[in-house]
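J.: From the sequence below, what's the structure:
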Amino acid sequence: MAPAVWPPAIVPADAGLRRYVLRVPSKPNTPPPPPGTPIAAPITTTRRCTRLAPSPTGALHLGNAMAFAAAWAIARAQSWRLVLRIEDLDGPRIKPGAAAHIERTLAWLGLDWDAPPLQQSHDLTPYARAMVQLAQRALVYPSTLTRHQLAAHESGASAPNAGTGEAPHPAALRPDRWQQPRAFALAPANAPPHTPPHTPAPEAAASEPSMSPTAWRFATPNRAVTFTDAIAGPQSHRPANTVGDFAVWTKQGVPAYQLAVVVDDARQGVTDVIRGNDLLDSAARQLMLISALHAPAADNANSATLRADAAPLNAADVHGAPRYWHLPLIVGHDGRRLAKRHGDTRIDTYRALGTTPERVIGLVAHWLGALERPRPLRAIELPALLANAWTLDQQPAAPKRVRQQPTITFTHQDHQWLTST
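T.: Alright, predicted model coming up:
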């Protein structure tokens, strides 16, 4: 395999980008133009950039609407680039046709983007190149441990962080000789199911079960990661104490979430990550990966330094680190993330009940502190309102009432607002 190159080239790299949107036809029998229909003048790639990154595991719900509308409005208010990414690597949960349906829903809300969508599953090569670099530096290692085995180990000790939703992988569970450089390669396209999608270097192969499904994990150093979130404020996280060695490549032969978003943010030129604060703890892991991938050419001294427990890693010192904006999470009356137990909060459901996009955007504007109370609002009006209510060019960017509430409760009154005519 050719030598790894980091960071990957920003795609698309030309300056002829145009704004893209999938228009919703006004008449049922009128087919929409294909995705990628240009509707605005070309823009350059030198601007700050954020992204919309839905996963096609189902229809968008109101929590998604808030996060995506906020990212879109902040980008449009600041004249940033905005790109769309379809995060479709979670194979078993991906639903056929969901990606196209998500694009139509975003367009119905009035949201657009500035380049053709990037679909992760279409090309795994960029992720493999990053893995080659990490494996050569002995910063990742193959692991055959199952969730059941990790859970069994965790049950014998106090859970370091029950809120992560992951089975922690402490350093004590690393395999023998985990610190040695390894080889990494994508599986052949015709590999049968359950064949390991990658092979350790010959000198390491003897220590790994050759036919067990193999994941790869990042050897997380025991150090704090600090950054200032544009909404949540100063942050300090120590992933070694919460999730430990997190997955970067799955047993299904695809990149895990943490690695995939780091690679994609780099190649799409993303400078600002705007998302829900349920992913706040992920920022520390992603900063560790960015730091590792931007480090000088591998040699034993550099790799040992990257692996070692050390002083805190500050985002300000990490080349290529984006600015993070973590929004309050929309929750149900019980304080838990919106789910089926709270009723059907899918945007499709409200559309079927006659809800207009203006009512959805109006509720989002209220949640974001741009309106004292909801009122019908077109998406095109949201950037100016948000710019007036927020201090987008300063930190903290969000108004006090948004910053001080890590969650926003979806109430019966909100439901009534959406369904009233």
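J.: for the stretch 301-421 of the chain, what spans make up the strands?
T.: 313-314, 323-327, 329-331, 407-409 (DSSP state E, counting those that start in this stretch).
J.: Now do the shortest one, average pLDDT.
T.: If you average the pLDDT over strand 313-314, you get 94.
J.: Report all helices and strands that that strand contacts.
T.: Counting by 3 or more C-beta pairs under 8 Å, 6 or more residues apart in numbering; DSSP states H and E, the packing neighbours recorded for strand 313-314 are strand 225-229, helix 280-294. No exception for glycine: its C-beta is placed from N, CA and C like everyone else's.
J.: Could you tell me the model confidence score at the residue nearest to S121 when sequence neighbours are not counted?
T.: Of all residues not flanking S121 in the chain, D88 sits nearest, at 4.9 Å (C-beta to C-beta, 6 or more residues apart in numbering). Predicted confidence (pLDDT) for D88: 93.
J.: D281 contacts R238, correct?
T.: No. D281 is beyond contact range of R238, at 10.0 Å (criterion: C-beta atoms under 8 Å).
J.: neighbour-wise, which of these two wins?
T.: D281 (20 against 17; other C-beta atoms under 10 Å).
J.: In contact with the more buried one, which residues?
T.: By C-beta atoms under 8 Å, 6 or more residues apart in numbering, the contact list for D281 reads T164, H237, P239, T242, V243.
J.: Same question for R275.
T.: Applying C-beta under 8 Å, 6+ apart to R275 gives the contacts A53, A67, A71, W325, H326, L327.
J.: Go again with 10 Å.
T.: Contact analysis of R275 by C-beta atoms under 10 Å, 6 or more residues apart in numbering lists 50-53, 67-68, 70-71, 261, 282-283, 324-327.
J.: hang on, the earlier thing: and the helices and strands packed on strand 313-314, which is most packed in?
T.: Of the helices and strands packed on strand 313-314, the one with the most neighbours on average (mean count of other C-beta atoms under 10 Å) is helix 280-294, at a mean of 22.
J.: Read off the pLDDT value for the closest residue to A215 other than its chain neighbours.
T.: In space, not counting the residues next to it along the chain, A215 is nearest to K251; the distance is 4.9 Å by C-beta to C-beta, 6+ apart. At K251, the predicted lDDT confidence score is 91.
J.: Just give me the neighbour total for K251.
T.: 18.
J.: Help me confirm that it comes into contact with G91.
T.: No. With contact defined as C-beta atoms under 10 Å, K251 does not count as touching G91 (11.2 Å).
J.: where in the stretch 51-200 of the chain is pLDDT low?
T.: Where the stretch 51-200 of the chain drops to pLDDT under 70, the residues are 153-165, 188-200.
J.: which residues of it fall in strands?
T.: Here the stretch 51-200 of the chain has its strands, by DSSP E, counting those that start in this stretch, at 81-86, 118-119, 140-143.
J.: mind giving me CSV with the strands of the stretch 301-421 of the chain and columns for distance to W113 and mean neighbour count?
T.: Below are the strands of the stretch 301-421 of the chain laid out as CSV (distance: least, C-beta to C-beta, whole Å; neighbours: other C-beta atoms under 10 Å):
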stretch, distance to W113, mean neighbour count
strand 313-314, 32, 18
strand 323-327, 17, 23
strand 329-331, 22, 21
strand 407-409, 25, 16
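J.: So for Q120, which of the ones you listed sits nearest?
T.: Ranking those by proximity to Q120 (C-beta to C-beta) places strand 323-327 first, at 20.6 Å.
J.: count of residues packed around R174?
T.: 16.
J.: And it, how far from R217?
T.: Using C-beta to C-beta, to the nearest Å, one gets 8 Å for the distance from R174 to R217.
J.: Likewise for T345?
T.: Per C-beta to C-beta, T345 is found 35 Å from R217.
J.: Show me the helices in the chain, by range?
T.: 62-78, 98-109, 125-136, 147-155, 202-205, 239-242, 257-267, 280-294, 300-307, 347-352, 357-367, 382-389, 400-403, 412-419 (DSSP state H).
J.: Hmm, E358 is touching W417, no?
T.: No. Contact criterion C-beta under 10 Å: E358 and W417 do not qualify, at 11.5 Å.
J.: which residues are common contacts for the two?
T.: With C-beta under 10 Å, 6+ apart, E358 and W417 have common neighbours R375, P376.
J.: Same drill for the two, tell me which one is more crowded.
T.: Legend: neighbour count by other C-beta under 10 Å for E358 and W417, higher for W417 (19 against 16).
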